[in-house]
Every structure is written in structure tokens, then in C-alpha cells.
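A.B. asks: Build me a model:
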Amino acid sequence: MKQATRNAAVLLLSASACFSLPAKADEPESYGQTFGRKLSTGLANIATSSLEIPKNIIIINNQSNVIYGFIGGTLKGLLNMGGRIGVGVVDLVSAPIPTQPIVYPLYVWENFDAETTYGKAFRPNR
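C.D. replies: Have a look, this model is predicted:
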């Protein structure tokens, strides 16, 4: 159990180090930045994918009523959770290939009111 806790702590510390790197919006990403982004988003999307369930419950509840929000939000959250896990695995495996992000918002906690959408996979990084 101690080994798993230590591994999780190391994973979170390395992911937070990647997140704290500043990036300018007007400059294209270098190969190293793209590689780091894909590694960090892959790990973050796998680790935090379960947050899609409460996120979707809140979104659907705000659009309709409590009962539909809970049932529909849970189902949609489970689907998006699977999608985030899949995108995370794809990002980890394809980290050496410089591509644009597949999922928007990039992290589940970014713009918590926005619905999760998926774009074209393996768009070249320009």
C-alpha cells in the first residue's frame, strides 16, 4: 500500500510540474512542449476522468430538472469518463507524435460548465 501511495505522489508531483510550465498563446509549441503536454494531459485525463460524472450531473441539472439531471448526467458522465480514459491512453501512447488535443476542454476541471467534446484524432501540430 505504501508503494502505491508513493507512486501516486510521484505521479501527481510530476504532472503538476508539467502543468506549471508557462506557455505563450502566440508562439507555436516546440516538440518538447507538445510531448510534455501530451504526457501530462494523458495522465491527468486518466486520473481525473471520474470527475466527468458530477460535471455532467451539474450541467444537465442546470439545463432541465433534478431527476433527469441525476440520471442523464450520470449516464453521460460515464460515457465521457470512458472517453477521457481512452483519450488519455491515446495521448500517453502517442506522446512522441506531435498532434493537437483530441478532447475539449483539455482538462476536466477547465471550464467546468462546458460540455466535453471530442475532435479529430491525430491532427498534425501546426
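A.B. asks: Nearest spatial neighbour of Tyr31, chain-adjacent residues omitted?
C.D. replies: Pro98 (5.9 Å; C-beta to C-beta, 6 or more residues apart in numbering). C-beta: built from backbone N, CA, C; applies to glycine.
A.B. asks: Could you report the pLDDT at that neighbour?
C.D. replies: For Pro98, the pLDDT comes out at 87.
A.B. asks: How about Gly83?
C.D. replies: For Gly83, pLDDT reads 93.
A.B. asks: same deal with Ala15?
C.D. replies: 54.
A.B. asks: start at 38 instead
C.D. replies: Renumbered: residue one is now 38, and that last one reads Ala52.
A.B. asks: hey, which helix or strand in the chain has the poorest pLDDT?
C.D. replies: Least confident element among the helices and strands of the chain, by mean pLDDT, DSSP states H and E: helix 39-56 (a mean of 57).
A.B. asks: can you give me the strands for this protein?
C.D. replies: Taking DSSP state E as the test, the strands found in the chain are 140-141, 154-155.
A.B. asks: And those: which comes nearest Glu66?
C.D. replies: Ranking the strands of the chain by proximity to Glu66 (C-beta to C-beta) places strand 140-141 first, at 16.4 Å.
A.B. asks: for that closest one, packing partners?
C.D. replies: Contacts defined by 3 or more C-beta pairs under 8 Å, 6 or more residues apart in numbering; DSSP states H and E place strand 140-141 against helix 103-130, strand 154-155.
A.B. asks: Pairing partners for it, with directions?
C.D. replies: When sheet partners are counted by DSSP bridges, strand 140-141 sits next to strand 154-155 (antiparallel).
A.B. asks: returning to what we had before: lowest-confidence stretch among the helices and strands packed on strand 140-141?
C.D. replies: When the helices and strands packed on strand 140-141 are ranked by mean pLDDT, strand 154-155 comes last with a mean of 90.
A.B. asks: what's around Gly69, how many residues?
C.D. replies: Neighbour count for Gly69, taken as other C-beta atoms under 10 Å: 10.
A.B. asks: Can you tell me which of the helices and strands packed on strand 140-141 is most buried?
C.D. replies: Mean neighbours per residue, mean count of other C-beta atoms under 10 Å, is largest over those for helix 103-130, with a mean of 17.
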